[in-house]
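Undergrad: 3D model of this:
(2 chains)
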Amino acid sequence: MMTITVKFFASLREQLGKSETLLSTSKPLTVSQVWSQVCDNISLPAHILTAVNMEYVEANTLVNPGDEVAFFPPVTGG
Amino acid sequence: MNNLHHPHFLSPQIDIDSIQKLSHSKVLIVGLGGLGSPVAMYLAATGVGHLVLADSDTVEISNLQRQIVHDTFQIGQSKVHSALRKLQAIHPHLQITPIQQRLEGDLLDAQVKAVDVVADCSDNFTTRFALNAACVRHCKPLVAGAAIRFTGQVAVFLPSLPQSPCYRCLYPDIEETAETCSQMGILAPLVGVIGSLQAVEIVKVLLYFGQPLCGKLFLFDAYTTQWRILTLYKDVNCPVCNHTLSADVRL
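TA: Prediction:
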């Protein structure tokens, strides 16, 4: 069993009340599955942006044990 | 050249030719709010020769908390003319083209085509997508900034590079949100941080030095004072910059 490090940024950190959590897994998961498992089985909202190991990816990207997944909201203000 | 720009010579990367190049450069700044203010003021102070300023709004007192190019004497004036006054005080030789309307259609294309770099300092996805598509059409560098609450982003898109992603690769499938700074709140100096970084990237792109944030997304969280630089890739299915899919980029 290894862990995936899950990070939440900006307003997601505020809404979820945490900036980081660890997810134990022995097999690869998609980014969407990672979100669901750490967010009470809620589906990943379509507008949330995602990165794996600091690379911007789509929600169906596979995450391996030991990887870091980051979730962050869109920003458009100016 | 004049003494105004002498401190650049402390840096070996910026010589007299660079100063002259800046003085002949033309930058389009879309939006003269929280981000457009520091972008315009720093580009004026740096010695960029010609700024095209586009904004349809007028100055309101609620803007002054973060839109530092404007002041209480300009309330009720158009933002482009308010900014013009401040920028000319910073750099008297600066040429300024004020456009007091939304850049759309043929006007957008004409303005993008005529500049060296476009600064996206707007506050909505509709404008951002239109600017991005125009920059891809005319192969112009786009330096995009955004900020809300405690969070900011900066990215540089260089359509002249075949591997460069575009703004639409970053936000392929997103609807307009109601999250404007006036509605959601913004930590005032945060737009100074993000706008100043946009100005840094614009000068680098204009002078071809250093490593611009192309293919990268700079994320800054002012609440925790943390930043991350994510790698962005070109989206092979992008309807804007994938020319094999769409020859006429009108999105």
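
Undergrad: and chain A, which residues reach chain B?
TA: By the criterion of Cβ under 8 Å from any Cβ of the partner chain, the positions of chain A lying close to chain B are A:9-11, A:13, A:19, A:46-47, A:49, A:51, A:54-56, A:70, A:72-78. For the C-beta atoms, the positions are set from N, CA and C on the backbone; glycine is no exception.

Undergrad: Now, those residues that are in strands?
TA: Of those, the ones assigned to strands by DSSP state E are A:49, A:51, A:55-56, A:70, A:72.

Undergrad: Quick one, which of those are buried?
TA: When these are checked for burial by 16 or more other Cβ atoms under 10 Å in any protein chain shown, the buried set is A:49, A:51, A:56, A:70, A:72.

Undergrad: Tabulate those residues in a markdown table, adding columns for pLDDT.
TA: A markdown table is the format used below for these (pLDDT from 0 to 100):
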| residue | pLDDT |
| --- | --- |
| A:L49 | 93 |
| A:A51 | 97 |
| A:Y56 | 95 |
| A:A70 | 97 |
| A:F72 | 92 |
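
Undergrad: The host helix or strand of B:M41 and chain A, are they touching?
TA: Using DSSP states H and E, B:M41 maps to helix B:36-46. Yes: part of helix B:36-46 sits close enough to chain A to count as contact by Cβ under 8 Å from any Cβ, namely B:G36.

Undergrad: picking up where we left off before, now distance to B:Q67 too, for the buried ones among the ones in strands among the residues of chain A next to chain B, in CSV please.
TA: As requested, these are arranged in CSV below (distance: Cβ to Cβ, whole Å):
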residue, distance to B:Q67
A:L49, 27
A:A51, 31
A:Y56, 30
A:A70, 31
A:F72, 25
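
Undergrad: what bridges to the residue in the stretch 1-150 of chain B that chain A sits nearest to?
TA: Among the residues of the stretch 1-150 of chain B, B:I148 lies closest to chain A, at 3.7 Å counting by Cβ to the nearest Cβ. Taking DSSP bridges, one obtains B:T151 as the residues bridged to B:I148.

Undergrad: That one is in contact with B:M184, isn't it?
TA: Yes: if you go by Cβ atoms under 8 Å, B:I148 and B:M184 touch, sitting 5.3 Å apart.

Undergrad: out of these two, which sits in the busier spot?
TA: B:I148 (28 against 13; other Cβ atoms under 10 Å in any protein chain shown).

Undergrad: Neighbours of the closest residue to B:D57 other than its chain neighbours, how many?
TA: With sequence-adjacent residues excluded and distances taken as Cβ to Cβ, 6 or more residues apart in numbering or on different chains, B:D57 is closest to B:K79, at 5.2 Å. Residue neighbour count, defined by other Cβ under 10 Å, stands at 27 for B:K79.
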